[in-house]
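Engineer: how would this look folded up:
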Amino acid sequence: MDIISLVFFFLIIVPSSIIHEYSHGWMAYMLGDPTAKYAGRLTLNPLAHIDKWGTIYLPIILYLVSGGSFIFAYAKPVPFNPYNLKDQKWGTALVGVAGPISNLVVAGIFAMFIRIMGSGATPWLTLTGAPFVSVLSTFFAIIVYANILLAVFNLVPIPPLDGSKILFAVLPDRFYKIKFFLEKNGFFILLFFIFFAFQIIQPIISGIFKLMVG
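Structural biologist: This is a model prediction of the structure:
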């Protein structure tokens, strides 16, 4: 990842994370829970969502540790009360999936712009000296890639990621021990996944990116 793409990626993934968290709050509100609204989080104002660790420190550390090959950031999770949701069985899952869906929608919109421009940009294309259309397409491509990354990564069924909310909604009660284990050890499992097993979802991210931009 060249330095210009890194800067663009950092500036893009933070707003994308904010859209992600806002969507959680919006869905919860639509399902009857006003917690996010009362907490002042039902807004796209970045100041309400920035998390010092997840939005600033984590991406810098990941970039340095991975030698520039991986960067990730997240915004402050939006609070919600599952007991306020109208649908007690699927409500939490719907709140969980709202974030990734919002990122895929953003990715789809900018992928459409890339197709219209027809430049076939790739996410880490060096920008220096490139024609304006190519620069713009590459910028859009980074937006697409970053949002797909956020969507796919958050769908991994490890707490506190959104995928765990979906998993727990469909998991039969007799597997409560699995839920208990994941909730108790989710943070450490997630760290292991990020540093040692992220390549498992990399083909999915790349596949969706190629499918969207053509």
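
Engineer: Show the contacting residues for the residue nearest the centre of the chain.
Structural biologist: Centrality entry for the chain: nearest residue to the mean C-alpha point is Leu150, 2.3 Å, by Cα atoms, centre = their mean. By Cβ atoms under 8 Å, 6 or more residues apart in numbering, Leu150 lies in contact with Ile13, Ser16, Ser17, His20, Gly99, Pro100, Asn103. Glycine gets a C-beta too; all of them are placed from N, C-alpha and C.

Engineer: any idea how far stretch 175-187 is from the chain center?
Structural biologist: 22 Å (Cα atoms, centre = their mean, to the nearest Å).

Engineer: neighbouring contacts of it?
Structural biologist: With Cβ under 8 Å, 6+ apart, stretch 175-187 has contacts from Pro157, Ile158, Pro159, Pro160, Ser164, Leu167, Phe168, Leu171, Ile189.

Engineer: Narrow these to those in strands?
Structural biologist: Assigned to strands by DSSP state E, none of the contacts of stretch 175-187 qualify.

Engineer: What about the residues you listed, which one has the most neighbours?
Structural biologist: Ser164 (23 neighbours; other Cβ atoms under 10 Å).

Engineer: For the nearest residue to it once chain neighbours are set aside, give its distance to Leu182.
Structural biologist: Counting by Cβ to Cβ, 6 or more residues apart in numbering, Ser164 lies nearest to Pro157, which is 5.2 Å off, once chain neighbours are set aside. Look at Pro157 and Leu182: by Cβ to Cβ, to the nearest Å, they are 8 Å apart.
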